[in-house]
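Undergrad: model this:
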Amino acid sequence: MLKNSKVAKSISNVSWSKLIELLTYKAKWYGRDLVKIDIFFASSQLCNNCGYKNERVKDLKIRKWECSKCKSVWDRDINASLNILNEGLKIKTSAT
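TA: Modelled structure (predicted):
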């Protein structure tokens, strides 16, 4: 169904909204907070160590990269997950 360009966007949107709905329900059920990160947050481009933004990492073929500022070596996904965690904690802290 997603290959049909006329309906793919609406199907994708429904799936994501359903996932958010389920996550919100489960978070509330367990007394947790669901923190949403901005869709344009550059999680994989930012060095988790020093904050340097590496624009080259937009290319999905780059799986590992070295920060030219602090020389930390990052796996793209691990770095992104750490940045998302830190951004979520920052948003939650500023909201309270």
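Undergrad: ok, now which ones touch residue 91?
TA: Residue 91 is in contact with 35, 37, counting by CB atoms under 8 Å, 6 or more residues apart in numbering. Every residue, glycine included, has its C-beta placed from N, CA and C.
Undergrad: all helices for this protein, in order.
TA: Ranges of helices within the chain are 8-29, 76-95, based on DSSP state H.
Undergrad: Based on its surroundings, how many neighbours for the closest residue to residue 35 other than its chain neighbours?
TA: Excluding the flanking residues, the one nearest residue 35 by CB to CB, 6 or more residues apart in numbering is residue 88, at 4.2 Å. Residues near residue 88, counting by other CB atoms under 10 Å, number 16.
Undergrad: now do residue 83
TA: Neighbours of residue 83 under the rule other CB under 10 Å: 21.
Undergrad: Kindly provide the distance from the closest residue to it other than its chain neighbours to residue 54.
TA: Excluding the flanking residues, the one nearest residue 83 by CB to CB, 6+ apart is residue 43, at 4.4 Å. Counting by CB to CB, to the nearest Å, the gap from residue 43 to residue 54 is 12 Å.
Undergrad: anything in contact with each of these two?
TA: Listed as contacting both residue 43 and residue 54 by CB under 8 Å, 6+ apart is no residue at all.
Undergrad: Could you chop the chain up by domain?
TA: What the record gives for the chain is the domain set 1-34, 37-96, from automatic domain parsing.
Undergrad: before we move on, back to that, so what's the residue nearest to residue 83 up against?
TA: Residue 43 is in contact with 37, 79-81, 83-84, 87, counting by CB under 8 Å, 6+ apart.
Undergrad: next one: residue 66
TA: By CB under 8 Å, 6+ apart, the contact set of residue 66 is 72-74.
Undergrad: and if you look at residue 55?
TA: Applying CB under 8 Å, 6+ apart to residue 55 gives the contacts residue 45.
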